[in-house]
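Novice: sequence and predicted model, in that order:
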Amino acid sequence: VQLVESGGGLVSVGDSLTLSCTASGSNFDRYSIGWFHQAPGKERKGVACIHRFNGNNYYSDSVRGRFTISKNPDTKTVDLRMDKMQLEDTGTYYCAVTTGTGGLTTVAYDYWGQGTQVTVSS
C-alpha cells in the first residue's frame, strides 16, 4: 500500500488545519492507522491512531483535546484535524498503517507516507 499525506502548510498559533492520508492500492478497512509528528531535529512520535480491531481512537498527551483523527468515507481518507495549533506542532506529519494493532509507536507500523510539512508561526 502506498500512502500519501496532504494538507500541510503554514498556519498561525491558534489556527486549525486538516491533514489527509490517502492509500493507493488498498483501503483503510484492514489497517490500524497512525499519524506521527516529527519536529525539526527530534524523533518521530505518534500523535493519534485508529485501532483496527476496536475502532477506538488514541491520542498522545500533547494533542489530546486539540487533534482529532477520523476516517472520511466521502474522500476515503484518514484525516487529522488539528485545532488550537501551537508552535510545538511545527514539523513533518506522517501517516502510517499496519495490519496489527498499531498504537503510538513507530515500530508498530509497516507502511509510511512521505510526510507533509506543517509550520506554525507566531
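Specialist: Yep, that arrived. Numbering: from 1, shown residues only.

Novice: give me the neighbour count for residue 88.
Specialist: Counted with other Cβ atoms under 10 Å, residues neighbouring residue 88 total 12. Just so you know, the C-beta spots here come from the backbone N, C-alpha and C atoms, and that holds for glycine as well.

Novice: same thing with residue 50?
Specialist: Neighbour tally, residue 50, other Cβ under 10 Å: 21.

Novice: pLDDT score for it?
Specialist: With respect to pLDDT, residue 50 has a value of 97.

Novice: mind listing what the residue nearest to it when sequence neighbours are not counted touches?
Specialist: Of all residues not flanking residue 50 in the chain, residue 33 sits nearest, at 4.9 Å (Cβ to Cβ, 6 or more residues apart in numbering). Residues near residue 33 by Cβ atoms under 8 Å, 6 or more residues apart in numbering: 21, 49-50, 52, 69, 71, 78, 95-97, 102.

Novice: quick one: residue 33 from residue 42, how far?
Specialist: Separation of residue 33 from residue 42 (Cβ to Cβ, to the nearest Å): 22 Å.

Novice: helices of the chain, residue ranges please.
Specialist: Applying DSSP state H to the chain gives no helices.
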